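K.L.:
show me the folded form of this:
(one chain, ligands or ions: 1)
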Amino acid sequence: MAGLRFQLDLFIPEDSTGTLVAGIKIPSALASKIPAIRSAIQDLKTYARKINDGQGNEEMTVKATYHICTHDGENGDCSKSLQDI
Ligand SMILES: [Zn+2]
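P.N.:
Sure, this is the predicted structure:
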């Protein structure tokens, strides 16, 4: 079955003069939009389904997460701190 598939990976650099969101400062112009963006993503998730649900080749295609990314820092792998949107 064909479908419309969204795949996003958007790194927003920390902005020391920005607004605190989820534990990190990001550009204030973006910070004010986060609630609407989050709501829109949650709406998309209600329509999303796993590809080949229940079959051997099932793909987890109902996934939307965020995390404070420290890949370039001393904390190494930060993928364990994923939060659902
Ligand atoms: Zn990361």
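
K.L.:
need the contact list for the residue in the chain that the ion sits nearest to.
P.N.:
Taking C-beta to the ion, the ion has its nearest neighbour within the chain at residue 69, 3.2 Å off. Every C-beta, even on glycine, is put in place using the N, C-alpha and C of the backbone. Each residue near residue 69 by C-beta atoms under 8 Å, 6 or more residues apart in numbering is listed here: 11, 78.

K.L.:
give me the contact list for stretch 28-37.
P.N.:
Under the contact criterion C-beta under 8 Å, 6+ apart, stretch 28-37 has outside partners 12, 15, 17, 18, 19, 20, 21, 26.

K.L.:
quick one: buried residues of it?
P.N.:
Across stretch 28-37, burial judged by 16 or more other C-beta atoms under 10 Å covers residue 31.

K.L.:
ok, now stretch 52-70?
P.N.:
66, 69.

K.L.:
quick check: mean pLDDT of whichever helix in the chain runs longest?
P.N.:
Once the chain is assigned using DSSP state H, the helix that runs over the most residues is helix 34-47. Across helix 34-47, pLDDT averages out at 97.

K.L.:
near the ion, which residues of the chain show up?
P.N.:
Residues of the chain lying close to the ion (C-beta under 5 Å from the ion) are 69, 71, 78.
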